[in-house]
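Undergrad: Pasted the sequence and its predicted model underneath.
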Amino acid sequence: MGTEIANAPLVEMKGIVKRFPGVLALDRVDFSLLPGEVHMLLGENGAGKSTLIKILSGAYTKDEGDILVRGQPVTIHSPADSLHLGLSFIYQELNLVPQLDITRNMFLGMEPRKLGFVKIKELYEKAAFYLNKFHMDLDPYAVVGSLSVTQQKLVEIARALIKDAQVLVLDEPTDVLEDRSRQNLFSVIKELKKSHKVGFIYISHRYAEVHELGDRVTILRDGENEGTYKVAEITLDQIIERMIGRKIENQYPELGVPRGEEALRIEDIRQGDTLNGISLNVGKGEIVSVTGLMGAGKTELGRAICGIDPIDSGSVFVEGEKINFSTPKRAIESGLAYLAEDRKALGLILVLSLRDNYGLPNSARLTKAGFINHRAIDRECDQFMNKLDIKAPNRETKANQLSGGNQQKAVVAKWLGTRSKVLVFDEPTRGIDIRGKAEVYSLMNELLEQGIGILMLTSDYQEAVEMGHRTIVLYHGRIAKEFKQGEATEQDILRTAIGAA
């Protein structure tokens with residue numbers, strides 16, 4: 001009897017139904033989480049993962065079904081209700097105060113007080129106690145803004161655990177982490193599930209993590225529970241097939257042969273201690289991958305050569321012509337476009353239509369005598385929607401109604417409209433599901449056929465080696481090594497990235 005109670009689910013969701021106007025988002029979905037378990041929740045964008053979790057968090061109210069926490073039926077009307085039940089949610093975006101130290105973030109709103117005054121000594125002693133208890137090697141006095149993303153994730157986990165959370169929901173926790181940081185986070189998760197019997201609901205588009213970390217996996221497809229499986233009894237190929245209803249053959253396309261002509265050349269780019277004399281070139285019809293650990297300088301390089309951030313020195317050439325890249329406008333006019341890693345915040349205005357997003361960088365080109373040629377914008381937007389196979393009812397569809405893959409295509413469309421000769425892709429498939437990734441890779445290959453050069457900045461080592469004609473590894477703002485396609489494995493990239501090669 002004692003064993004049965006100990007192994008009783010922390011959370012059970014039975015027959016959950018959620019309807020939105022014209023959409024059945026969840027259709028009688030079952031889900032359960034056991035103590036000391038990492039339960040992977042997988043599905044394509046739009047499969048219902050977020051809706052299910054928002055019902056558990058209290059952000060949405062279910063239309064039908066039952067929720068049980070530790071065997072007791074519960075009603076969750078708000079996030080406060082879920083917190084009271086010992087459920088804690090750590091989302092993709094960090095939710096910390098960067099100006100405060102770790103201790104203040106951990107106990108924000110829960111500080112020990114006497115006569116209205118915070119008991120400072122006790123506060124920091126408690127923080128040190130809990131960090132040690134949870135096996136987190138963190139300084140209670142360290143300012144959160146100075147920490148790595150992995151360390152900040154650990155602070156969020158620690159804050160959840162001191163609230164006696166027995167259930168942690170992690171939404172894309174490794175989306176911004178490189179491999180070594182991922183392994184550090186996994187070590188903490190494994191320790192907490194073993195020593196404290198914490199249950200984790202883990203959502204990720206990095207499907208290889210299923211077998212690295214998971215105990216069970218539940219797959220959602222079109223709002224229905226396709227099935228729950230023990231991780232040891234299902235392969236990655238089977239997971240993907242059940243997610244999308246068919247096999248995906250050749251996720252990575254066979255890249256064409258570069259034309260040999262120069263599309264982009266950068267020489268001796270320097271920026272403080274971040275970029276230390278980086279020089280490279282990209283040919284027409286070529287993808288050059290740039291990768292490395294977080295902080296190695298990938299994103300900083302892209303922003304620098306596209307005029308977003310100032311540099312100390314260096315030159316940029318597009319098709320052999322030296323350009324003025326002191327501002328983004330000048331870089332764009334020269335045929336250089338930057339596709340930011342955060343397409344939702346920096347690539348698109350989500351509340352605007354596809355047509356309006358396309359028009360933003362192209363209106364000046366399509367203006368004559370002070371009047372915008374709206375018909376030309378409509379015509380070009382429709383052409384790119386068709387050319388790039390953007391799945392949307394029409395050009396007036398809002399950007400926030402698109403899947404991740406189609407949002408990325410919309411960003412590409414607006415920059416192709418500017419007659420860009422070189423595209424700088426920063427994390428092109430971050431947060432995109434398996435089908436969306438295949439679509440983006442196919443799109444990139446089509447761009448190569450048009451003679452466009454692509455500089456791809458990515459923290460996904462497999463993506464770097466599979467989608468790059470050449471892969472350049474950065475280490476502390478310098479080029480550590482360059483590999484031709486087929487010369488390096490992911491392990492070779494990691495060894496170079498940490499300075500061990």
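TA: Noted; the coordinates are in hand.

Undergrad: buried stuff in the host helix or strand of residue 492?
TA: Under the criterion of DSSP states H and E, residue 492 resides in helix 490-497. If you call a residue buried by 16 or more other C-beta atoms under 10 Å, then helix 490-497 has these buried ones: 490, 492-497. Glycine gets a C-beta too; all of them are placed from N, C-alpha and C.

Undergrad: Which other helices and strands does that helix contact?
TA: helix 179-195, strand 287-292, helix 461-466, strand 470-475, strand 478-484 (3 or more C-beta pairs under 8 Å, 6 or more residues apart in numbering; DSSP states H and E).

Undergrad: got the angle for the last one vs strand 287-292?
TA: If I follow you right, that is strand 478-484. Relative orientation of strand 478-484 versus strand 287-292 (axes from the mean of the first three to the mean of the last three C-alpha atoms, to 10 degrees): 140 degrees.

Undergrad: Equivalent analysis for the fourth one, please.
TA: Computed by the same axes, to 10 degrees, the angle separating strand 470-475 from strand 287-292 equals 20 degrees.

Undergrad: Next: the first one.
TA: Here helix 179-195 runs at an angle of 50 degrees relative to strand 287-292 (the same axes, to 10 degrees).

Undergrad: which other residues reach helix 179-195?
TA: Helix 179-195 is contacted by residues 36-38, 134-136, 148-150, 153-154, 157, 161, 173-174, 177, 198-200, 209, 212-213, 293-294, 461, 490, 494, 498 when judged by C-beta atoms under 8 Å, 6 or more residues apart in numbering.

Undergrad: re the thing from before, next, format the helices and strands packed on helix 490-497 as CSV and append mean pLDDT.
TA: Shown next, in CSV, are the helices and strands packed on helix 490-497 (pLDDT from 0 to 100):
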stretch, mean pLDDT
helix 179-195, 81
strand 287-292, 95
helix 461-466, 91
strand 470-475, 96
strand 478-484, 95
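
Undergrad: for the ones you listed, which one sits closest to residue 455?
TA: Each of those has some distance to residue 455 by C-beta to C-beta; the shortest is strand 287-292, at 5.6 Å.

Undergrad: contacting residues around the next helix or strand after that closest one?
TA: Using DSSP H and E, the helix or strand that follows strand 287-292 in sequence is helix 298-305. With contact meaning C-beta under 8 Å, 6+ apart, helix 298-305 is reached by 266, 269, 271, 274-275, 278, 290-292, 309-311, 314, 316, 325, 331, 336, 338, 341, 424, 426, 455, 457-459, 474, 477.

Undergrad: quick one: average confidence on helix 298-305?
TA: Mean per-residue pLDDT for helix 298-305: 92.

Undergrad: before we move on, what about stretch 231-240?
TA: Mean predicted confidence for stretch 231-240 is 90.

Undergrad: related to what we said a few turns ago, for residue 419, state which of the buried residues of helix 490-497 is nearest.
TA: Nearest to residue 419 among these, with distances taken as C-beta to C-beta, is residue 493, at 33.7 Å.

Undergrad: Please name the nearest non-neighbouring residue to the closest one.
TA: Nearest residue to residue 493, sequence neighbours excluded (C-beta to C-beta, 6 or more residues apart in numbering): residue 461, at 4.4 Å.

Undergrad: Hmm, that neighbour is touching residue 289, no?
TA: No - taking contacts as C-beta atoms under 8 Å, residue 461 lies outside contact range of residue 289: 9.3 Å.

Undergrad: Fine, thanks again, bye for now.
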